[in-house]
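# Quick one: sequence plus predicted model below, questions after.
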Amino acid sequence: MIKTSQSRLAALALAFAAWLPLHASAGILDDDEARRAILDLRAKVDALSRDVNARLDTKSDKTATIEILNQHEQTMQEIARLRGQLEVLANQIAGAQKNQKDLYADLDARIRKLEPRQEVVDGQTVEVKPTEKQAYDTAMDLFKSGDYKAAANALQDFVRRYPDSAFAANAQYWLGNTYYAQRDYKNAIAAQEAVVSNYGNSTKVPDAMLNIASNYIELKDNKKAKKILQQLVSKYPDTSAAATAKDRLASLK
């Protein structure tokens, strides 16, 4: 609308400017000359009008181009800003995923520490919790190092914490041996008797009975020693402990 009005105003101005001299000299021109002058003037006005419109169109195109460039720049700036936000969000998501992955890995490791594992104990495959296996190994390491007092405490604690463990009978048996190593024969006998009474199905029972007899011998109580050795030979005749018991019975006569 503005463009059309500007064109019309320009054309009218040119026509008015051209009309003034024509009107002043109309009295001295004949009809033919006047008509030719008018036609010529109209042609000039049309040409000028076209030129003005062309200039206005060109000016409008340039303005539109500038506006488009400005809009493009603004759009690119907005795209850059959004890309920055996307990069930040992507980093946050990557960090969250890594933290989640680390959390799952940590949870999995903790669960695995709690899950029972298969172990071979006295020739039998059994399920043992990692915590009890570690506690048992720690106690046995103390025994092997010769720290019998610390080993006794660790083995006592193990039996108290894991009374139903597949290692419980062994722990009780080696507890008796820690007392024997410290020459605490009475506690050694009590510990080995607990193996016999509490873990009757354990393969450690024959060895525990043999150790009970050994402790009685240390206490100079051969009568009780012979009784235990005879029971051992009678109940477990095919064991290596029974064979040793026979030799000791022969030496005690």
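Now that the structure is in, tell me what you want to look at. Numbering: from 1, shown residues only.

# what ranges of the stretch 151-253 of the chain fall below the confidence cut-off?
In the predicted model, the stretch 151-253 of the chain carries pLDDT under 70 at residues 253.

# would you list every one of the helices in it?
Assigned helices in the stretch 151-253 of the chain, in chain order: 168-181, 185-198, 205-218, 222-235, 240-252 (criterion: DSSP state H, counting those that start in this stretch).

# And those: which comes nearest Lys144?
Proximity to Lys144, assessed across the helices of the stretch 151-253 of the chain by C-beta to C-beta, is greatest for helix 168-181 (10.0 Å). Bear in mind the C-beta positions are built from the backbone N, C-alpha and C, glycine included.

# Which one of the helices of the stretch 151-253 of the chain lies nearest to Val120?
With C-beta to C-beta as the criterion, Val120 lies closest to helix 168-181 of these, at 12.2 Å.

# Now do the closest one: everything it contacts.
Outside of helix 168-181, the residues that reach it under the criterion C-beta atoms under 8 Å, 6 or more residues apart in numbering are 121-122, 136, 139-140, 143, 148-149, 151-152, 155-156, 158-159, 162, 165, 185, 187-189, 191-192, 194-195, 198-199, 202, 204, 207-208, 211, 214-215, 218.

# I only care about those residues that end up buried; give me the ChimeraX line for that.
With 16 or more other C-beta atoms under 10 Å as the burial test, the buried ones among those are selected in ChimeraX as follows:
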select :121,136,139,140,143,148,151,152,155,156,158,159,162,165,185,187,188,189,191,192,194,195,199,202,204,207,208,211,214,215
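
# still on that earlier bit, and the helices of the stretch 151-253 of the chain as TSV, adding distance to Ile79?
What follows is the helices of the stretch 151-253 of the chain, written out as TSV (distance: least, C-beta to C-beta, whole Å):
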stretch	distance to Ile79
helix 168-181	70
helix 185-198	78
helix 205-218	82
helix 222-235	89
helix 240-252	85
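
# Point out the one among those helices that comes closest to Glu73.
Taking C-beta to C-beta as the measure, these were each checked against Glu73, and helix 168-181 came out nearest at 79.8 Å.

# Where do the strands of the stretch 51-200 of the chain begin and end?
Counting by DSSP state E, counting those that start in this stretch, the stretch 51-200 of the chain has these strands, from start to end: 117-121, 124-128.

# which stretch in these is the model least sure about?
Least confident of these, judged by mean pLDDT, is strand 117-121 with a mean of 74.

# name the helices or strands packed onto it?
For strand 117-121, the contact count by 3 or more C-beta pairs under 8 Å, 6 or more residues apart in numbering; DSSP states H and E identifies strand 124-128, helix 130-144 as packing neighbours.

# in it, what's buried?
In terms of neighbour count (16+ other C-beta under 10 Å), strand 117-121 has its buried residues at Glu119, Val121.

# which residues are contacting it?
By C-beta under 8 Å, 6+ apart, the list of residues contacting strand 117-121 from outside reads Thr125, Val126, Glu127, Val128, Lys129, Pro130, Lys133, Ala166, Phe167, Asn170.

# Now with 10 Å, please.
Residues external to strand 117-121 that are found in contact with it (C-beta atoms under 10 Å, 6 or more residues apart in numbering): 125-130, 132-133, 136, 165-170, 202-203.
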